[in-house]
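Asks: mind looking at a prediction? Sequence and model below.
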Amino acid sequence: MQQNTYTCACDIISHPLHFIRLPSDILIRICVLIIQPIVVLATTMSIDTSKNYRRKIYACALKNVSDHNAKVVLTYEGIPNDKGEVKHTRLDIDVEKGKTRYLSERLVTRPTYNIREVIERVDATLDNGTKLELTAPFDDVTSPTADWHFVIENNLIKSAGPTPEFGK
């Protein structure tokens, strides 16, 4: 039984073996080994929406309109350190009833660049023991911003949009 031979189809990705003549079964195996991982990677990248890269918040204002003082914990996305270990920064803030606290963006300094920390989660515990949480992606954030407004109410934390000018 004679096997057909074909020029390798790997030349579609500019592979140096494109002039070699191979039996068709080997050709198919090579193409599957080379092309399948590329297709899987492209598919994975195109459907991975878990991070919502365009919906980042770097800095915010926390306004407490509840009937109680609140202890707020902001958790930032993990950033790998030099050893590859992921570090999540946590920031504890007291926000008194009727008050607003403004938080600047945080930077992680590396030898040749800086990384802006991204707020991943807002947790609040009211004086009466009520625990509230809000996790990214936050409502109404459509692009990266260093100007966002969270409102702590009696039963929820609201993603309220760009920070208004308070007191006017």
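Replies: That came through fine.
Asks: for residue 141, which non-adjacent residue is closest in space?
Replies: With Cβ to Cβ, 6 or more residues apart in numbering as the criterion, residue 141 has its nearest non-adjacent residue at 4.3 Å, and that residue is residue 55. Every C-beta, even on glycine, is put in place using the N, C-alpha and C of the backbone.
Asks: return the residues in contact with residue 147.
Replies: 59, 60, 162, 163 (Cβ atoms under 8 Å, 6 or more residues apart in numbering).
Asks: between those, which has the most around it?
Replies: Greatest neighbour count in the contacts of residue 147, by other Cβ atoms under 10 Å, goes to residue 60: 24 neighbours.
Asks: wait, isn't that residue in contact with residue 105?
Replies: No: assessed by Cβ atoms under 8 Å, residue 60 is found out of contact with residue 105, at 9.1 Å.
Asks: on that earlier part again, just curious, which of the contacts of residue 147 is nearest to residue 140?
Replies: residue 162 (9.1 Å; Cβ to Cβ).
Asks: for the residue lying closest to that closest one once chain neighbours are set aside, what are phi and psi?
Replies: Closest residue to residue 162 apart from its sequence neighbours, by Cβ to Cβ, 6+ apart: residue 147 at 5.2 Å. Here is the backbone geometry of residue 147 (degrees, to the nearest 10): phi -140, psi 80.
Asks: please, which helix or strand holds the spatially closest residue to residue 71 that is not a sequence neighbour?
Replies: If the residues on either side of it in the chain are set aside, residue 71 comes closest to residue 125, at 4.9 Å by Cβ to Cβ, 6+ apart. Here residue 125, judged by DSSP states H and E, is contained in strand 119-126.
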